[in-house]
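Trainee: pasted the sequence and its predicted model underneath.
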Amino acid sequence: MADKIFLPQWGMGMQEATIIKWLKSEGDEVKKGDPVVEVESSKVNAEVEATADGILLKIREVEGAVVKVGGILAFIGEEGEVIEDDGGLKTESIQDQDIKINKAKQNIKVQVTPIARKLAKELGVDLEKVVGTGPNGRITEDDIKNYSPGENEKSSDDQISGIRKIISLRMTESNQIPSVTLTSKIDVSECVKFQSDLLKEWRKEKIRPTFQDIVAKAVVKSLIDFNIFNSHFVDNQIKRFNEINLGIAYALEEGLVVPVIKNSQEKSLLEVAKEIREFSSKEKKGFTQEDVSGSTFSITSLNSTVVDSFNPLINPPEVGILGIGRISDETQLVSDKPTIRKICFFNLTFDHRVVDGFPAAKFLESITNNIQNPKSLVEN
């Protein structure tokens, strides 16, 4: 009996994926573990592998089709083997060819890039009325932007889908965690000065240092001493990690993704900054599953907004997240003289099932000390 290739589920909340490109054709010989098809789910690209050795007998879904998790993508078996599909044996009759043609016509309706599909829903564009200019008539983001609907087509009810649906599911799960948020107003004047001093030093690397770079490195240094925050809580068990995989919440037009700096404890401040810059370059082509998997602690920033303080939500199954507000000026008395200082609110949310308030406060204090002594972040 032929082996089936199913669409796997990568991560909680994944409901479906779009077939981007078949890497093998019908009749090709494949080995178990060979990449067979590239799929995209909410800005995450991944390859589905062959489940057995044999011949790729049948491709069940065309490029551009949207497939539910657990759906059959293809069949692998011996050459000439008859495929049992949809509850019965199929032969190459005229009737079967008609079915395939009708199925292909149905799939044409979903030959839309995920970004274009989301944008169309946001703008209320009827995809059946858009002419695609991409490969095989696939509808692209530009096709949606360039489409001019009639007055009666300019609005519609928004539906949650794609990455927004995943975010919704994760936030619902996060809200079920008995969490507490501690907020601290931190004088970051020395850190801002240090950031300015790095400009000249990093110029040859063609990288402009940011406040987030320094915060990321400060958090990693503190996680080494407060390992309980570098853990997952699953099935009432705490799993601690020696490797610090720092997630950086990254804003896309349609929502948030959390790409990960792997083994960040082994990387310098400059190396951390370089990886964060790589996230920007990956936004257009899409993050891979490897890019967004395995975070053990996360940070999220509203530093570029007008927000001072907020309540960041934990990214399950992690046990903590640090939220960074904007930097603002505040007049303080220094040696009895009014002095303008740079102030930033740091917001630490933690899972109270795993961590109590006092150790959480000490962890936040450790991060504060690192931020206020930024030169320690580049010392060997």
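Mentor: Thanks, I have the structure now. Predicted model only: the values in this text are computed from it and were never measured.
Trainee: of all residues in this protein, which one is nearest the centre?
Mentor: The centroid of the chain falls nearest to Val257 when counting by Cα atoms, centre = their mean (2.9 Å).
Trainee: roughly how far does it sit from Glu379?
Mentor: 32 Å (Cβ to Cβ, to the nearest Å). Every residue, glycine included, has its C-beta placed from N, CA and C.
Trainee: ditto for Phe229
Mentor: Counting by Cβ to Cβ, the gap from Phe229 to Glu379 is 23 Å.
Trainee: which element, helix or strand, includes Ile340?
Mentor: strand 337-351 (DSSP states H and E).
Trainee: list the neighbouring strands of that strand plus their orientation.
Mentor: strand 179-187 (antiparallel), strand 320-334 (antiparallel) (DSSP bridges).
Trainee: which intervals of the chain have sub-threshold pLDDT?
Mentor: Of all residues in the chain, those with pLDDT under 70 make up the ranges 10-14, 42-44, 84-111, 135-136, 148-172, 253-255, 284, 380.
Trainee: what residues go with each domain of it?
Mentor: The chain breaks down into these domains under automatic domain parsing: 3-105, 114-163, 177-378.
Trainee: mind listing the helices for the stretch 151-300 of the chain?
Mentor: Under the criterion DSSP state H, counting those that start in this stretch, helices of the stretch 151-300 of the chain are mapped to 162-175, 189-202, 211-225, 269-285.
Trainee: what angle do the second one and helix 269-285 make?
Mentor: Angle, helix 189-202 to helix 269-285, by axes from the mean of the first three to the mean of the last three Cα atoms, to 10 degrees: 80 degrees.
Trainee: ok, now the third one?
Mentor: Computed by the same axes, to 10 degrees, the angle separating helix 211-225 from helix 269-285 equals 120 degrees.
Trainee: what's next to helix 211-225, contact-wise?
Mentor: Here helix 211-225 makes contact (Cβ atoms under 8 Å, 6 or more residues apart in numbering) with 188, 191-192, 194-195, 229-230, 244, 246, 248, 261, 264-265, 269, 272-273, 276, 297, 299, 301, 303, 322, 324, 327, 344, 363, 366-367, 370-371, 374, 376-377.
Trainee: what subset of the residues you listed is buried?
Mentor: Buried by 16 or more other Cβ atoms under 10 Å: 188, 191-192, 194-195, 229-230, 244, 246, 248, 261, 264, 269, 272-273, 276, 297, 299, 301, 303, 322, 324, 327, 344, 363, 366-367, 370-371, 374, 377, out of the contacts of helix 211-225.
Trainee: from Pro8, how far out is Gly54?
Mentor: Gly54 is 19 Å from Pro8, by Cβ to Cβ.
Trainee: which one's more surrounded, these two?
Mentor: Gly54 (19 against 14; other Cβ atoms under 10 Å).
Trainee: the more buried one against Val30, yeah?
Mentor: Yes - Gly54 lies in contact with Val30 (Cβ atoms under 8 Å); the separation is 6.6 Å.
Trainee: spit out the residues that contact these two alike.
Mentor: What both Gly54 and Val30 touch, as defined by Cβ under 8 Å, 6+ apart, is the set Ile76.
Trainee: what about the nearest residue to Leu313 once chain neighbours are set aside, how many residues nearby?
Mentor: Among residues not flanking Leu313 along the chain, Ser174 sits closest, at 4.3 Å (Cβ to Cβ, 6 or more residues apart in numbering). Number of residues near Ser174 (other Cβ under 10 Å) recorded here: 18.
Trainee: next: the one 4 residues further on.
Mentor: For Pro178, the neighbour count with other Cβ under 10 Å is 8.
Trainee: so how far is Val39 from it?
Mentor: Going from Pro178 to Val39 by Cβ to Cβ gives 36 Å.
Trainee: then Thr140?
Mentor: For Thr140, the distance to Val39 - Cβ to Cβ - is 18 Å.
Trainee: and the contacts of the strand or helix carrying Val36?
Mentor: In this assignment (DSSP H and E), Val36 forms part of strand 35-41. Here strand 35-41 makes contact (Cβ under 8 Å, 6+ apart) with 5, 7, 10, 14, 16-24, 30, 45-50, 56, 67, 73-74, 114, 286.
Trainee: at 6 Å instead, please
Mentor: The contact list for strand 35-41, computed with Cβ atoms under 6 Å, 6 or more residues apart in numbering, reads 14, 17-24, 46-50, 114.
Trainee: output the strands paired with strand 337-351 as CSV; include the columns distance to Thr210.
Mentor: Output for the strands paired with strand 337-351, formatted as CSV (distance: least, Cβ to Cβ, whole Å):
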stretch, distance to Thr210
strand 179-187, 17
strand 320-334, 11
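Trainee: return the residues in contact with the nearest residue to Phe279 once chain neighbours are set aside.
Mentor: Spatial nearest neighbour of Phe279, chain neighbours left out: Pro259 (4.9 Å); criterion: Cβ to Cβ, 6+ apart. By Cβ under 6 Å, 6+ apart, the contact list for Pro259 reads Tyr250, Phe279, Phe287, Asp291, Val292.
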